[in-house]
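J.: structure of the sequence below:
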Amino acid sequence: MKFIIYSLILLFALQSCGDSSESYDEEYGNEESVSGYEDGTYCAEVEYYNPNTGTNNTYTLEVEVYNNEVTQINWGNGGWMDEDHFYAEELDSDGTCTFTSDKGYDYTITILGTDCGGTDESSFQNDVEEDEQDLVCPNCGGDKEDYDDYCYSCQQDEY
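T.: Sure, this is the predicted structure:
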C-alpha cells in the first residue's frame, strides 16, 4: 500500500516538473516553442488609416517577417517603412497584426501568401505622400489641420 502511495506521489511530482518547463518555454520564448510564419518576404493586405485626415485604404504590398513579427513594409519605389517607424508586432494564427506608426497612422497587416504577383506599392506611397501634404502648410512648411489652407501662424500673419 505504501508503495502505491509513494508511486502516486512520485508520478505527480514528475508531471509537475514537466508542466513547469513548458510554462518556462512559453514565458521566455525559447525558440523551440516558437511557431508561426517563417522568416522571409510575404504578400500581405495592408490596411492604412490616417486619423488626422480620415484617409482609409487597403493595399497589396510585400512585407518582411522575422521571428513571426512584421518588421518591414516595402513600397514599389524601393522605399520601405521599418522598425524605425513602428514596433514590430507578432502575427496571430490568422497571419494578422495591427500597429500604430510613429506618425500616428494605424495599420492592419494580413498575410496573403508568399507570392504577390502584383502589388499596389506605388499607389500606397502616393496616398501616404498626399495625406502628408494635406497636413503641411504650403507657405512655411509647418503643421496644419487638413481642412485649413495654412497653419495657424501663417493665418495670423495674413490678418
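
J.: what ranges do the strands span in this structure?
T.: 40-50, 55-66, 69-74, 80-82, 89-90, 96-100, 106-113 (DSSP state E).

J.: out of those, which is closest to residue 157?
T.: Each of the strands of the chain was scored for nearness to residue 157 using Cβ to Cβ, and the closest is strand 40-50 (27.7 Å). For glycine as for every other residue, the C-beta is placed from the backbone atoms N, C-alpha and C.

J.: now do that closest one: which elements does it pack against?
T.: The helices and strands touching strand 40-50, judged by 3 or more Cβ pairs under 8 Å, 6 or more residues apart in numbering; DSSP states H and E, are strand 55-66, strand 69-74, strand 106-113, helix 121-133.

J.: can we see that at 7 Å?
T.: In terms of contacts (3 or more Cβ pairs under 7 Å, 6 or more residues apart in numbering; DSSP states H and E), strand 40-50 is packed against strand 55-66, strand 106-113, helix 121-133.

J.: follow-up on the earlier one: mind putting the strands of the chain in a markdown table, distance to residue 156, mean pLDDT and mean neighbour count included?
T.: Shown next, in a markdown table, are the strands of the chain (distance: least, Cβ to Cβ, whole Å; pLDDT from 0 to 100; neighbours: other Cβ atoms under 10 Å):
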| stretch | distance to residue 156 | mean pLDDT | mean neighbour count |
| --- | --- | --- | --- |
| strand 40-50 | 26 | 94 | 18 |
| strand 55-66 | 28 | 93 | 18 |
| strand 69-74 | 38 | 95 | 21 |
| strand 80-82 | 35 | 93 | 17 |
| strand 89-90 | 41 | 93 | 16 |
| strand 96-100 | 32 | 96 | 16 |
| strand 106-113 | 32 | 95 | 16 |
